[in-house]
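Trainee: give me a model of this one.
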Amino acid sequence: MQESGRLPGSDATLAPPNTQTTAQKRAHRKLLAAGLVGSSIEWYDFFLYGTAAALVFPHVFFPDASALMGTLLSFSTFWAGFVARPIGGVLAGHFGDRYGRKPVVVVCLLAMGVATFLIGCLPSTGSIGILAPILLVTLRFVQGIACGGQWGGIVLLLTESAGPKKRGFAGTFGQMGVPLGLILGNLVFLAATAALSTDAFLSWGWRVPFLASALLFPVVLYIHTRVEDSPEFRELQAETAKKKAPAVAQAPLAEAIKGHWRTILLGCGLLAATNSLFYVSIAGLLSYGTAELGMNRNALLAISLISSALLTGVILWAGSLSDRIGRRPLILLGGAGMALWAFPFFGLVNTASIAAVFLAVAVGSLLQALTYGPLAAFMGELFAPRVRYSGASLAYQLAAITISGGTPFIMTAIIANTGSTTGVSVFLMAMGLITVFSAWKLRETNPPAVRNDPDAIPGAYLYQS
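Mentor: Reported below is the predicted structural model:
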């Protein structure tokens, strides 16, 4: 399939990368910026809940539970968002493969902003009783559905609109939204806790970061009015109209599962290491460090902030490097590194030294980025364009429900039952090995033959008959 059509936000025909006009390049840069900002605020909304689940929600929504039980109940509501993410991925994949990437992205971003804003408006359990945690879980579920749908749409808008030799680089502008969203959330929490007393923060100050999600709405408006769908999807629509044949899949989810179920499961496995270590670092460690090790909450938030900045830069570098050396080598290296780092990670954390904890999290972030940077391009290239949204989203969001959401809960439960972090290290090592196995079994989508051919599109040879 040739890459043709117009760039999002432009009326010009998409030309080969070396012959694009200045206006086309400017339009694509605007798309990258919109994808980065939209993804960052979306993930800010989603991760904000994780920080609040560790620090605030046990007091506000589970005040009658013990400290341990309140934390477990809070992390259970955190998990609800991950349970919902595959549902969002399935729904968004179906509609995104049938009707386009852009409209689904707009709906998902809007739903996330509304749900997060409403969480900031919720009364406490002390005010309305059990209805408060019920509403909290409901809104968290909506967050999960929105998050489950947006990832595939944003990264496909970015990668499918990029030149075939720049897809790894373009995809990172969706991937970098994860650490940037976390940075935004931590900065807001640090500012709120520094400016307010503990009582004021638990009473009303925690709501401010959630209400700030209203900043997502201008981004939604920009994407809705100024961004066009990806050239590859519009080409599928044109083929359907011209040939009166279903080039656009009529049942994309069923087609993706029937024809690509092994790839979907292995794609899920690609995320095992990076997702588990990431959520241990941003949620589990925050709870463990403050409750069990007696560490300063703001110091742990600052560590998360700095390591996320490191993660952002390495994601960009790794995605760009994957355009030159392939996707699998970086994912294999990152997965193996995370498996080997599992025991040193907690060896450093358990010293309760700020410097040692920072080293543990920073090295972990670097290894995560090696896997996560190329993953947007790699995941999309594994599937044919007609089922790409469904296949990539389902793989990504299966990892959310099986690994990401449960990791803080599993970590807290293991430590409570054993009094040790050894079991958590074993868990992280197993996740690293799953990533290595999955990457080993999947074929490279950007091998030397494709990289050296100026007209070859990464992944196309996998699904062409």
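
Trainee: what sits against Leu348?
Mentor: By C-beta atoms under 8 Å, 6 or more residues apart in numbering, the contact list for Leu348 reads 356-357, 359-360. C-betas here are computed from N, CA, C, even on glycine.

Trainee: max pairwise distance over those: which two?
Mentor: With C-beta to C-beta as the measure, no two of these lie farther apart than Val357 and Leu359, at 7.3 Å.

Trainee: for Gly334, which three-state class applies?
Mentor: helix (DSSP: H, G, I helix; E, B strand; the rest coil).

Trainee: would you confirm that it contacts Leu271?
Mentor: No: in terms of C-beta atoms under 8 Å, Gly334 does not count as a neighbour of Leu271; the distance is 11.0 Å.

Trainee: quick one: common contacting residues for the two?
Mentor: 371, 435.

Trainee: for the helix or strand harbouring Leu158, name the packing helices and strands.
Mentor: Using DSSP states H and E, Leu158 sits in helix 131-160. If you count contacts as 3 or more C-beta pairs under 8 Å, 6 or more residues apart in numbering; DSSP states H and E, helix 131-160 packs onto helix 22-55, helix 67-99, helix 101-119, helix 167-175, helix 231-243, helix 354-381, helix 388-399.

Trainee: of all the ones you listed, which one is nearest Gly432?
Mentor: Nearest to Gly432 among the helices and strands packed on helix 131-160 is helix 354-381; the distance by C-beta to C-beta comes to 8.7 Å.

Trainee: for Gly153, which non-adjacent residue is spatially closest?
Mentor: Distances taken as C-beta to C-beta, 6 or more residues apart in numbering put Val105 closest to Gly153, at 3.8 Å, once the chain neighbours are dropped.

Trainee: next one: the one you found from Pro252, what distance?
Mentor: 16 Å (C-beta to C-beta, to the nearest Å).

Trainee: so those two - more neighbours on which side?
Mentor: It is Val105, of Val105 and Pro252, that has more neighbours when counted by other C-beta atoms under 10 Å, with 30 against 23.

Trainee: separation between that one and Ala92?
Mentor: Applying C-beta to C-beta to Val105 and Ala92 gives a distance of 8 Å.

Trainee: repeat for Leu182
Mentor: With the distance defined as C-beta to C-beta, Leu182 ends up 22 Å from Ala92.

Trainee: cool, Ser281 as well?
Mentor: Taking C-beta to C-beta as the measure, Ser281 falls 27 Å from Ala92.

Trainee: and Ala12, what pLDDT?
Mentor: Looking at Ala12, its pLDDT is 39.

Trainee: ditto for Asn18
Mentor: On pLDDT, Asn18 comes in at 48.

Trainee: now swap in the one 4 residues further on and tell me
Mentor: The pLDDT attached to Thr22 in the predicted structure is 73.

Trainee: give me the residues contacting stretch 268-279.
Mentor: Residues from elsewhere that reach stretch 268-279 (C-beta under 8 Å, 6+ apart): 50, 178, 331, 334-335, 338-339, 341-342, 345, 364, 367-368, 371-372, 375, 378-379, 395-396, 398-400, 402-405, 407-408, 427-428, 431-432, 434-439, 442.

Trainee: what strand or helix carries Asp455?
Mentor: Under DSSP H and E, no helix or strand contains Asp455.

Trainee: and for it, the neighbour number?
Mentor: The burial count for Asp455: 9, using other C-beta under 10 Å.

Trainee: now the closest residue to it other than its chain neighbours: phi and psi?
Mentor: Leaving out its chain neighbours, the residue that sits closest to Asp455 by C-beta to C-beta, 6+ apart is Pro164, at 8.0 Å. Pro164 adopts backbone torsions of phi -60, psi -20, taken as degrees, to the nearest 10.

Trainee: quick one: Pro164 from Arg234, how far?
Mentor: Taken as C-beta to C-beta, the span from Pro164 to Arg234 is 16 Å.

Trainee: so between these two, which is more surrounded?
Mentor: Pro164 (23 against 18).

Trainee: what residue is smack in the middle of the chain?
Mentor: Among the residues of the chain, Val178 comes closest to the average C-alpha position under C-alpha atoms, centre = their mean, at 5.4 Å.

Trainee: for the strand or helix carrying Ile434, buried residues please.
Mentor: Using DSSP H and E, Ile434 sits within helix 422-441. In terms of neighbour count (16 or more other C-beta atoms under 10 Å), helix 422-441 has its buried residues at 424-425, 427-429, 431-439.

Trainee: can you list the neighbours in contact with the next helix or strand along the chain from it?
Mentor: As assigned by DSSP H and E, the chain's next helix or strand after helix 422-441 is helix 448-451. Applying C-beta under 8 Å, 6+ apart, the contact partners of helix 448-451 are 165, 323-324, 326, 456-458, 460-461.

Trainee: recalculate using a threshold of 7 Å.
Mentor: 324, 456, 458 (C-beta atoms under 7 Å, 6 or more residues apart in numbering).

Trainee: let me see the mean pLDDT of that helix.
Mentor: Per-residue scores along helix 448-451 average to 90.

Trainee: and what of stretch 323-335?
Mentor: What stretch 323-335 shows for mean pLDDT is 96.

Trainee: cool, and stretch 266-277?
Mentor: On average, stretch 266-277 scores 95.

Trainee: end-to-end on that stretch?
Mentor: For stretch 266-277, the first and last residues are 18 Å from each other (C-alpha to C-alpha, to the nearest Å).

Trainee: what comes up buried for that stretch?
Mentor: By 16+ other C-beta under 10 Å, the buried positions in stretch 266-277 come out as 266-277.

Trainee: nearest to Ser197 among the residues you listed?
Mentor: Among those, and counting by C-beta to C-beta, the member closest to Ser197 is Leu277, at 34.2 Å.

Trainee: wasn't that closest one part of a helix?
Mentor: Yes: under three-state DSSP, Leu277 falls within a helix.

Trainee: do I have it right that His260 meets Phe383?
Mentor: Yes: using C-beta atoms under 7 Å, His260 is in contact with Phe383, at 6.1 Å.

Trainee: that's all I had, so thanks and see you.
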